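J.: Sequence plus the predicted model coming up.
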Amino acid sequence: MATSTYLAVKTRFAGWARAIEAAIKELVKPVSSVPALAADAGGDMVRSHPELVAENALLRQQLIVLRRSVHTTRINDGDRLLMVLLASLNSAWSQALHIIKPGTLLRWHSRLFKLIWRRKSKPKSQPARLSQKAIDLIQTMAKDNLWGSERIRGELLELDIKVSKRTIQKYRCQTPKPGEPSGQAWSTFLSNHAGDIWACDFLQLYDVMFRPIFAFFIIDHGTREVVHFNVTRSPSDEWAAQQLREATAWCEGSRYLIRDNDRKFGSRFAAVAEGAGIDVVNIPPKTPNLNSICERFLGSVQRECLDHVVIFGEDHLREVLKEYVGYFNTSRPHQGIQQSIPAGNLGEDPPRTAGKVVAGPILGGLHHDYRRVA
């Protein structure tokens, strides 16, 4: 109780002392400096010790600046910072300034205030929350697919990777290198449509008596599987139409069928294709590269089989091609589909990883099919 009363009385007397000091300074200002000095001393008697120490340090700092200066007053950033800090501890700081104006000190304080809060408001560099593997996965998804950020986010959630849409946008928008394609590759575009395309063509051969004989093939672009084949000596529009009808007998067909401009493909062939819902695409004359997959298969048949066989007739050629096509569809790896087998071994047991390797002869030992047995 006594302490609080003492503090209240001291505070009130301090206020009276400041008021009296200000009145005396105003009265004695034009007369002389001695009364004003006495009034200042009287006012300092009621001020706290830390405040007097701060004022003394402020005055001393100004003397240091004046002593360091020769012709002009040179104040560096350290002087400005120290004066601002000392003035903040002194209530009568404006009366202790002699080499600068109070407005100058206030301007320094404002500049220091902006600098401090600019540093505090600067975003701190945080380590990436995502692992590098997750970042690489985001960039791979954005590069290999036509997906937006939300679509990528859904795929990542299925993989139990929780990432915000904003983070995905940050990492997926990478500037492509000069010369690097930014869109979908042409090979990707072709592979997207390969499953809807068939191609057909005739291969002309000669039997042992040098009589012409023709083999007809239909190839699936997506799997490289031979969908249908047959042999004839008299190819015609009606015969070709019958082959397409047999290839689509179970309502299985493609959307497009590539063929050349041979007269063997006539109106009946086109009618069967239309009935099966197939759009026939005619390649321009003298452009076999536009039917390259079928042409490539015909070359494989010629090099791997027919160049090593003497053809005796239709039935003989049909049996030879039946054996080779079976080997091609179910056993022969194909480079165009990353060394996979065209038919994909559907319905068969998974390949064995242990056991003895045996070779099954194909076409009398012209080729061999290697399998593991228990």
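T.: Good, I have the coordinates.

J.: helix or strand for the residue nearest the centre of the chain, which one?
T.: The residue lying closest to the centre of the chain (Cα atoms, centre = their mean) is residue 139, at 2.0 Å. Assessed by DSSP states H and E, residue 139 sits inside helix 132-144.

J.: Kindly report the same for residue 227.
T.: Secondary structure assigned from DSSP H and E places residue 227 in strand 226-232.

J.: For the helix or strand that that strand is followed by, name the packing helices and strands.
T.: Per DSSP H and E, the first helix or strand lying C-terminal to strand 226-232 is helix 237-247. If you count contacts as 3 or more Cβ pairs under 8 Å, 6 or more residues apart in numbering; DSSP states H and E, helix 237-247 packs onto strand 212-220, strand 226-232, helix 267-275. (Each C-beta comes from the backbone N, C-alpha and C, glycine too.)

J.: Of all those, which one comes closest to residue 241?
T.: Among the helices and strands packed on helix 237-247, helix 267-275 comes nearest to residue 241, with 4.1 Å by Cβ to Cβ.

J.: And that closest one, how far out from the chain middle?
T.: Here helix 267-275 shows a centroid-to-chain-centroid distance of 47 Å under the convention Cα atoms, centre = their mean, to the nearest Å.

J.: Would you mind checking the average pLDDT for stretch 122-142?
T.: The pLDDT scores in stretch 122-142 average 78.

J.: Please list the residues outside that stretch that contact it.
T.: Stretch 122-142 is contacted from outside by 147, 152, 155, 156, 159, 161, 163, 167, 168, 171, 172, 174, using Cβ atoms under 8 Å, 6 or more residues apart in numbering.

J.: got the contact list for the first one?
T.: If I follow you right, that is residue 147. 141, 155.

J.: Roughly how far does it sit from residue 68?
T.: Per Cβ to Cβ, to the nearest Å, residue 147 is found 67 Å from residue 68.

J.: picking that back up, out of the helices and strands packed on helix 237-247, nearest to residue 248?
T.: Going by Cβ to Cβ, the one of those nearest residue 248 is helix 267-275, 7.8 Å.

J.: quick one: buried residues of that closest one?
T.: With burial defined by 16 or more other Cβ atoms under 10 Å, the residues of helix 267-275 counted as buried are 268, 269, 270, 272, 273.

J.: Just name whatever secondary elements it is in contact with.
T.: With 3+ Cβ pairs under 8 Å, 6+ apart as the test, helix 267-275 has helix 237-247, strand 279-282 packed against it.

J.: 10 Å instead?
T.: In this structure, helix 267-275 packs against helix 237-247, strand 256-259, strand 279-282, with contacts taken as 3 or more Cβ pairs under 10 Å, 6 or more residues apart in numbering; DSSP states H and E.

J.: how about the ones you listed, which one is nearest residue 74?
T.: Of all the helices and strands packed on helix 267-275, strand 256-259 sits nearest to residue 74, with 86.6 Å by Cβ to Cβ.

J.: tell me the mean pLDDT for that closest one?
T.: Strand 256-259 shows a mean pLDDT of 94.

J.: What pairs with that strand, parallel or antiparallel?
T.: Applying DSSP bridges, strand 256-259 is found paired with strand 197-206 (parallel), strand 279-282 (parallel).

J.: PyMOL command for the buried members of the contacts of stretch 122-142?
T.: Command for PyMOL, covering only those of the contacts of stretch 122-142 found buried under the criterion 16+ other Cβ under 10 Å:
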select buried, resi 147+152+156+163+167+168+171+172
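
J.: Identify the farthest-apart pair in the contacts of stretch 122-142.
T.: Spatial extent of these (Cβ to Cβ) is set by the pair 159 and 174 at 20.6 Å.

J.: From what I see, residue 56 and residue 96 are in contact.
T.: Yes. With contact defined as Cβ atoms under 10 Å, residue 56 and residue 96 form a contacting pair (8.7 Å).

J.: Spit out the residues that contact the two alike.
T.: Among the neighbours of residue 56, those also in contact with residue 96 (Cβ atoms under 10 Å, 6 or more residues apart in numbering) are 86, 90.

J.: ok, these two, which is more surrounded?
T.: More crowded of residue 56 and residue 96, by other Cβ atoms under 10 Å: residue 96, with 18 against 13.
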